[in-house]
Structure formats: structure tokens, C-alpha cells
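Engineer: got a sequence here, can you build the structure:
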Amino acid sequence: QVQVVESGGGLVQAGGSLRLSCAASGRTVAFTELAMGWFRQAPGKEREFVANIDWSGVSTDYADSVKSRFTISRASAKNTVYLQMNSLKPGDTAVYYCAVVRYGALTQNANSYDYWGQGTQVTVSS
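Structural biologist: Here you go, the predicted model:
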């Protein structure tokens, strides 16, 4: 079993920045086993992929809507990832979820992720 906990959401004005954190833990989980990703869900919309990163921190992938504005990174040899969000827009307002896929490849498909956090609210005002 893997526990996933997000933090760092909040209210920010358009053009501002926020940094989200996500920590995955489990008694027998090694950092080499986990790829991690961020998804978001706005009111009345489906959950959508934002970014992901492999266990080494070398390979990453982004949704087109956040490329050049968001950066995903991973603490060295740890199951902790960060999402640095710059130049935020009102359209980025959503609940942001961290997800973990164990033993899997990087994927944008939410159904492939094994464990999810409770989510953290990000609100961008105009």
C-alpha cells in the first residue's frame, strides 16, 4: 500500500506562482519503483493530465496547456515530487491530484495510476 499526500495549494492572482508538493510513502516501497504524476479537475470537467516524471527524475511529460509554465521535479532518491506553477491563469483553477504508478511506465492515462492523493485546491483569480 502506498500513501500519497499533496500540499501547497492556495489562492493566487493571475500571473503568480505556486509550488505543489507530493510525498508518497509505504513500508516496502522503493523510490525506483514509482513514477509520479499530477492531474487536475475543474468543476464540471473531467480529470485531466498535467505532468509526470519517472523514478529517476530524468524523463518528464507535460500537457500542452502547461508546457513552458509548469515544471515537475523530483527530490533525489526520494518519493517526493514538486510542481512549480508559474504564470498562472484563471483556467488553471482546479483541484490538483498527485498520483503514483508502481512498476509502470510514464503515462498520461489516469486509469493506469495505482494510488491517488486527496487533492489540493488551486484557485487563480483574475
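Engineer: from S126, how far off is the spatially most central residue of the chain?
Structural biologist: Central residue of the chain (Cα atoms, centre = their mean): W38, 2.2 Å from the mean position. For W38, the distance to S126 (Cβ to Cβ, to the nearest Å) stands at 23 Å. No exception for glycine: its C-beta is placed from N, CA and C like everyone else's.
Engineer: and the residue found closest to Q41 once you drop the neighbours it is linked to in the chain, how many residues sit next to it?
Structural biologist: Using Cβ to Cβ, 6 or more residues apart in numbering and skipping the chain neighbours, the partner closest in space to Q41 is R47 (4.3 Å). Using other Cβ atoms under 10 Å, R47 has 16 neighbouring residues.
Engineer: same deal with K67?
Structural biologist: K67: 11 neighbours (other Cβ under 10 Å).
Engineer: just say helix, strand or coil for it.
Structural biologist: Three-state assignment for K67 (DSSP: H, G, I helix; E, B strand; the rest coil): coil.
Engineer: check it and give its pLDDT.
Structural biologist: Note for K67: predicted pLDDT of 96.
Engineer: same question, the one 5 residues further on
Structural biologist: I72 carries a pLDDT score of 97 in this model.
Engineer: and the helix or strand containing it, what does it pack onto?
Structural biologist: Secondary-structure assignment from DSSP states H and E places I72 in strand 70-74. The helices and strands touching strand 70-74, judged by 3 or more Cβ pairs under 8 Å, 6 or more residues apart in numbering; DSSP states H and E, are strand 48-53, strand 60-62, strand 80-85.
Engineer: can I get the last one in PDB? Just the C-alpha atoms.
Structural biologist: Spelled out, it's strand 80-85. The C-alpha trace of strand 80-85 is given here as PDB (Å, rounded to 0.1, in the frame of the first residue of the first chain):
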ATOM      1  CA  THR A  80       8.700  13.300  -3.300                       C
ATOM      2  CA  VAL A  81       7.800  15.400  -6.400                       C
ATOM      3  CA  TYR A  82       7.100  19.100  -6.900                       C
ATOM      4  CA  LEU A  83       5.100  21.000  -9.400                       C
ATOM      5  CA  GLN A  84       6.300  24.600  -9.900                       C
ATOM      6  CA  MET A  85       3.500  26.500 -11.500                       C
END
